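K.L.:
sequence unavailable; structure follows:
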């Protein structure tokens, strides 16, 4: 009997130990606010976007409307033309910056941060064959000339009215083109091409690599074949959004319009990489300047959306 009672006592102690471990694991001894898990809105390739963000403490900084108009996330198109006071971007010709290091047209120009990200790509993957980067930043006059060339090509096949309509779809003009920002870039792929692919970016090896990896360098595929309103654009059109935003869009599997809709809805997001917090993203209605709190040793990038909202991403210096 004593042996049986000893054995029963041991079983009880083991059960209590297991129960105690489960209580600790579930966080029942922790304050309520620490037990609530922040919902994950999207997760992919080690990156995750969580709803909400911790309260930020730091020094107050002033972000001007002018600075935010030069951000990487502006929505630009027929329904959202650039504001009249949009400042011309301070672009650089790629050949002047990196010589023949990248396969680009002679006059292709971008903002420096976009050029540096292309150089990072080049270090990780050979871009010497199968691709040429073509049109970058363009002025209004250059866009009009491009439209004229497109019209001439279409007019050889279609009636004049249809040719004009197609040319305007293929090459947005004036203040309706992302090429005015210095962040947009077109590319051409060279043989061997898999012409059966509906997505032109998937027609050779370098295009497939870009499709899978360009987000790591801050680039998004702006108008894929299924993108509403963008499928008629000439060439393959990519755009620099910044590494943090591109990683967030990749994790969420969203395009730029969907991403902005989520930012407006949520107001605050947190970006994680392999469980480590990398950035906090805030969105607010904003037409003019913005005062925010920036923690010490943090960097930021802010952008208007061109519809009355603004977003800022904050991250420790040198992390993304």
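P.N.:
Structure's in. What do you need? These numbers come from a predicted model, not from an experiment.
K.L.:
which parts of stretch 176-192 are buried?
P.N.:
176-189 (16 or more other CB atoms under 10 Å). Using the backbone N, CA and C atoms, a C-beta is placed for each residue, glycine as well.
K.L.:
what is the nearest of the residues you listed to residue 297?
P.N.:
Nearest to residue 297 among the buried residues of stretch 176-192 is residue 183, at 26.7 Å by CB to CB.
K.L.:
residue contacts, that closest one?
P.N.:
Contact analysis of residue 183 by CB atoms under 8 Å, 6 or more residues apart in numbering lists 72, 89, 110, 111, 114, 239, 240, 241.
K.L.:
tell me the SS of the residue nearest the centre of the chain?
P.N.:
For the chain, residue 246 is the residue whose C-alpha lies nearest the centre (CA atoms, centre = their mean; 2.7 Å). Secondary structure, DSSP: H, G, I helix; E, B strand; the rest coil: residue 246 is helix.
K.L.:
and for residue 211, the neighbour number?
P.N.:
By other CB atoms under 10 Å, 16 other residues sit near residue 211.
K.L.:
tell me which element it is part of?
P.N.:
helix 205-213 (DSSP states H and E).
K.L.:
contacts for the very next helix or strand once past that helix next, please.
P.N.:
Sequence-wise, the next helix or strand downstream of helix 205-213 (DSSP H and E) is strand 219-221. Contacts of strand 219-221 with the rest of the structure, by CB under 8 Å, 6+ apart, involve 117, 201, 210-211, 214, 237-241, 246, 249, 255-256.
K.L.:
pLDDT check: weakest of the residues you listed?
P.N.:
Lowest in pLDDT among these is residue 201, which has 90.
K.L.:
please list all residues in contact with that residue.
P.N.:
By CB under 8 Å, 6+ apart, the contact list for residue 201 reads 189, 207, 208, 210, 211, 221, 224, 236.
K.L.:
strands along the stretch 1-150 of the chain, start to end?
P.N.:
40-44, 47-51, 59-63, 92-93, 109-110, 131-133 (DSSP state E, counting those that start in this stretch).
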